[in-house]
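Colleague: Give me a model of this one.
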Amino acid sequence: MKISVLFLTVCVLFLLSGCADSEYQQRIADLESEYQQRIADLEIRLESIRSEFNDVKDALVDVQSALESLKSVVDDFRYENWQDNVPDVEDATSNLESALDNFEMAINDVDSEL
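Modeller: Presented below is the predicted three-dimensional model:
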């Protein structure tokens, strides 16, 4: 009788430990799945930020180009009639303002991603 009770107790303990192991294994699998999803989400966010940052770099190149164009047009005042140059300066200034606006929007887009 004692051996049967002892045997039954051991069997119950084995069953309980097996259930506990499967619960822990399920919890580990759930956590692993959750972390893999978080990693995937962060990779997507990182790619989006990289894209926005590339837009900022492109906008900066546009600003630099517009500034150089304005400088060139202003330099023409030395060699040409200033009245002929005013429309070119106005256009170059407008282009620079537009490039600066685009640059500011690109920076704001990156800032909103962070």
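
Colleague: okay, CA-based contacts and neighbour counts for the rest of this
Modeller: Will do.

Colleague: So which elements touch the longest helix belonging to the chain?
Modeller: Longest helix in the chain, counting residues (DSSP state H): helix 2-75. Using 3 or more CA pairs under 8 Å, 6 or more residues apart in numbering; DSSP states H and E as the contact criterion, the elements in contact with helix 2-75 are helix 82-113.

Colleague: report the angle between the axes of the helix it packs on and helix 2-75?
Modeller: For helix 82-113 against helix 2-75, the angle by axes from the mean of the first three to the mean of the last three CA atoms, to 10 degrees is 170 degrees.

Colleague: how far is helix 82-113 from where the chain is centred?
Modeller: 25 Å (CA atoms, centre = their mean, to the nearest Å).

Colleague: Give the buried residues for stretch 100-114.
Modeller: Neighbour counts over stretch 100-114 (16 or more other CA atoms under 10 Å) mark Leu100, Asn102, Phe103, Ala106, Ile107, Asp109, Val110 as buried.
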